[in-house]
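Trainee: Would you be able to build a 3D model of this:
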Amino acid sequence: MPTSTLDRSLIFLMRVLIGWMFLYAGASQILHGESSVGFLTHVKTFHDTFAAFATPTLLPITDVLMKWGHLLIGLSLVSGLMVRVSGPFGILLMVTYHFAHMDWPFITDHHSMLFDYHATYAVVIAYLMLHRAGHAFGLDGLVERLPFIERNPALRPLFA
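Mentor: Numbers count the residues shown, from 1 in each chain. Okay, here's the model as predicted:
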């Protein structure tokens, strides 16, 4: 974890900004009852793979995972709690969105070639994980020092 106040502040800001996007997306999808079927049936790359998740059997599961996944990843990043646990799921989601809209070599439209903002967000989340972002004004640093966590070292990697 970087020790300078500027580094910690920038890590905190990146964590909260990315987390807010996930949190708002999840809350919005839950409150408005949105489904992932539109996204899944209109992908450009790996259409057959994504369409399988839109089948009547899998769609309810996909919708729950998508909505609550966004919300929980967002809560984790905004609060700085269990960032190393939620980070890989956020990266997986961003990489999935990136490849879903790829029309080689363009992503989404002709303004994004090879990479788009989803790839950028995935890299930022990886950076946050590697730099222990939950310790920059987040709950990971506090929880890691709780007596319960200190007595149970197997739980330490969740917050370290």
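Trainee: For the rest of this, base every contact and every neighbour count on C-alpha atoms.
Mentor: OK.
Trainee: buried residues in the strand or helix carrying Met66?
Mentor: Counting by DSSP states H and E, the element that carries Met66 is helix 59-79. For helix 59-79, the neighbour count (16 or more other C-alpha atoms under 10 Å) marks 59-60, 62-63, 66-79 as buried.
Trainee: what does stretch 28-46 give?
Mentor: Buried residues in stretch 28-46 (16+ other C-alpha under 10 Å): Gln29, Ile30, Ser35, Ser36, Val37, Leu40, Thr41, Val43, Lys44.
Trainee: biggest separation within those, which pair?
Mentor: Farthest-apart pair in the buried residues of stretch 28-46 is Ile30 and Lys44; separation 25.5 Å (C-alpha to C-alpha).
Trainee: All the helices of this protein, residue numbers only.
Mentor: Here the chain has its helices, by DSSP state H, at 5-31, 37-41, 47-52, 59-79, 83-100, 117-130, 139-144, 147-151, 156-159.
Trainee: Make CSV out of those helices and add distance to His111 and mean pLDDT.
Mentor: As requested, these are arranged in CSV below (distance: least, C-alpha to C-alpha, whole Å; pLDDT from 0 to 100):
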stretch, distance to His111, mean pLDDT
helix 5-31, 22, 95
helix 37-41, 20, 81
helix 47-52, 22, 83
helix 59-79, 26, 95
helix 83-100, 14, 92
helix 117-130, 11, 94
helix 139-144, 38, 90
helix 147-151, 48, 89
helix 156-159, 39, 84
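Trainee: In CSV, list the ones you listed along with distance to Thr108.
Mentor: Listed next are the helices of the chain as CSV, based on distance: least, C-alpha to C-alpha, whole Å:
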stretch, distance to Thr108
helix 5-31, 19
helix 37-41, 12
helix 47-52, 14
helix 59-79, 20
helix 83-100, 9
helix 117-130, 10
helix 139-144, 36
helix 147-151, 44
helix 156-159, 35
